[in-house]
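> Quick one, structure for this:
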Amino acid sequence: MILSTESTRFLEDLKVYLLVSGKNEQATNEIVHELEDHLIEAEADGKSVRAITGDSPAAYIQSISHEMAFDSKQAFWTIMQVYLGASSFLYLQNLLNGTTTYSILLVGGFLLISAVYLTTLALLFRKDALRDTARPRLLRYGIHGSVHLLLIVGLLIVNGLIDSPKITLSPSVGWLIGALLIAWILITAWKTKTWILPIAVFVFFVPQLLLLFVFNLSEITAVLVSYVLTSITIAVTFIRSSKNSQTD
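This next block holds a predicted model:
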């Protein structure tokens, strides 16, 4: 039986809220599957999601979260996966451009901006999971992502104006780190059964290489085309994934 849009959204919000709150993924999935069974039975009897959650689904989600222990180990690895996944694009792009020298200001600033971005994104996810409003929520995430992008651009500008101590990697070390990043992305995707990031990396860099070395286009053109293709690919993947979750 296919769940209603309301019930599907509730289960998605519950899972997101628990995971960004640092709860164990396996325990979260077990709770979601159990509630899914209850919701299927309730809807078969003509009842809505509120027959399970009461008048406030948000309060119900919070009550479940309070009953579950915080999994610090999983929270750490989740943060590492997201951070390394995001930073891999910047690092691999620099590697492709032949850049193996990084200033302390750039590295430190990127770490700080990324930490703020991940923290505020998690808070945004938690807040949205409790909102009793319909999707889409793209505007809030678009603004949030745009602010992060502007901070990165600002950091790059400041880094060009201020001379700070630098770290220079040898080409062999630089490519070794790049290979380890790619291996990390593939291993993480295999363990989580989520292939969005490897697909995004492939779509971003392979067309870029073709445009640069086969069609001899400029570097900026190749990057922009690859960025557009990657954005479209991620959007389509998310939409298809969302539709599949509603029809399973």
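
> What ranges does the protein have for its strands?
With DSSP state E as the criterion, the chain has strands at 101-103, 166-168.

> ok, the residue of the chain most remote from its centre - contacts?
Here the centre of the chain is the reference, and by CA atoms, centre = their mean the most remote residue is Asp45, at 37.1 Å. With CB atoms under 8 Å, 6 or more residues apart in numbering as the criterion, no residue contacts Asp45. C-betas here are computed from N, CA, C, even on glycine.

> Please apply the same query to Asp13.
With contacts defined as CB under 8 Å, 6+ apart, the neighbours of Asp13 are Pro57, Ile61, Asp128, Ala129, Leu130.

> Neighbour-wise, which one of those residues leads?
In terms of neighbours by other CB atoms under 10 Å, those top out with Ala129 at 24 neighbours.

> Leu14 is in contact with that one, correct?
Yes - between Ala129 and Leu14 there is a contact at 7.3 Å, judged by CB atoms under 8 Å.

> that older thread, can you convert the strands of the chain into a markdown table and add a column each for mean neighbour count, distance to Ala222 and mean pLDDT?
Shown next, in a markdown table, are the strands of the chain (neighbours: other CB atoms under 10 Å; distance: least, CB to CB, whole Å; pLDDT from 0 to 100):
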| stretch | mean neighbour count | distance to Ala222 | mean pLDDT |
| --- | --- | --- | --- |
| strand 101-103 | 15 | 22 | 87 |
| strand 166-168 | 11 | 26 | 90 |
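
> Ser226 is nearest to which of these?
Shortest distance between Ser226 and the strands of the chain, using CB to CB, is found for strand 101-103: 22.1 Å.

> domains in the protein, as residue ranges please.
Listed domain ranges for the chain are 5-67, 195-248 (source: automatic domain parsing).

> tell me the most buried of these?
domain 5-67 (a mean of 16; mean count of other CB atoms under 10 Å).

> which residue packs closest to the spatially most central residue of the chain, ignoring adjacent ones?
Against the mean C-alpha coordinate of the chain, by CA atoms, centre = their mean, the closest residue is Val82 at 6.0 Å. Ranked by CB to CB, 6 or more residues apart in numbering and with sequence neighbours excluded, the top spatial neighbour of Val82 is Leu118, at 6.1 Å.

> Poorly predicted segments of this structure, please.
Across the chain, the ranges flagged by pLDDT under 70 are 1, 132-139, 235, 237-248.

> what are the ranges of the helices in it?
Using DSSP state H, the helices of the chain run over residues 5-20, 25-44, 50-53, 57-67, 72-96, 104-129, 138-161, 171-192, 196-213, 219-247.

> Going by contacts, tell me the helices and strands next to the third one.
When you say that, I think you mean helix 50-53. Packed against helix 50-53, as judged by 3 or more CB pairs under 8 Å, 6 or more residues apart in numbering; DSSP states H and E, are the following elements: helix 25-44, helix 57-67.

> swap the cut-off to 6 Å and go again
If you count contacts as 3 or more CB pairs under 6 Å, 6 or more residues apart in numbering; DSSP states H and E, helix 50-53 packs onto helix 25-44.

> what does the fifth one give?
In terms of contact count using 3+ CB pairs under 6 Å, 6+ apart, helix 72-96 is assigned the packing partners helix 171-192.

> hmm, 8 Å instead?
Where contact means 3+ CB pairs under 8 Å, 6+ apart, helix 72-96 is packed against helix 104-129, helix 171-192, helix 196-213.

> Outside of the last one itself, which residues are in contact with it?
So that's helix 196-213. 85, 88-89, 92, 96, 182, 185-186, 188-189, 217, 219, 221-223, 225-227, 229-230, 233-234, 237-238.
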